[in-house]
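S.K.: Following is a predicted model, sequence given first.
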Amino acid sequence: MRRVLLGLVLALACGCGSTGTVESGQDNSNAGDPAAAQDDFDLAIERDPHEPEAWFGRGNARRAQGDLDGARADYGETLRLDPSHSGAQRMLEWLEQARQAREDAAAEEALREAESSSPEDR
C-alpha cells in the first residue's frame, strides 16, 4: 500500500499524472469538452513548450471555443516547431478561408444596407 501511494506521489510530483498531457487533452477534445482539453494542453505546453502536438491540440480546443485568433497563433507555433505538420497547415488555411468568407459576407451586408436605404438617408 505504501508503495502505491509513493508511486502516485512521485507521478504527480514529476508531472506524470494523467491530467495535463497531450493524451488527456485529446481525450477531453474527443469527449466534447474543449475547455477541459485546453486546460490539459496548457499544462502540457507548460511542461514541454517544444511539443508541437500540445500546441496543435490547444489550437483545436481554442477554435472549438470560438477563439480563432488564439487558434491561429497556436497553429503557427505548431508549424514553427514542426514545419511539416500537415494538420496545422490545413487548419491555418481553413481559418484564412473562414476569415475571408466573414469579410465577404460583411461587405455584402453593408452593400445591401446601402442599396436599400431611402434617398432621404443619403
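M.R.: Ah, there it is.
S.K.: Now do the closest residue to Thr78 other than its chain neighbours against Asp39, distance only.
M.R.: With sequence-adjacent residues excluded and distances taken as C-beta to C-beta, 6 or more residues apart in numbering, Thr78 is closest to Ala88, at 3.9 Å. From N, CA and C alone the C-beta is placed, and that goes for glycine too. When distances are taken as C-beta to C-beta, to the nearest Å, Ala88 and Asp39 turn out to be 21 Å apart.
S.K.: Those two: which is more packed in?
M.R.: Legend: neighbour count by other C-beta atoms under 10 Å for Ala88 and Asp39, higher for Ala88 (25 against 18).
S.K.: Show me how far the helix or strand hosting the more buried one is from its chain's centre.
M.R.: Under DSSP states H and E, the secondary-structure element containing Ala88 is helix 86-116. For helix 86-116, the gap between its own C-alpha mean and the chain's C-alpha mean amounts to 19 Å (C-alpha atoms, centre = their mean, to the nearest Å).
S.K.: Thank you, goodbye.
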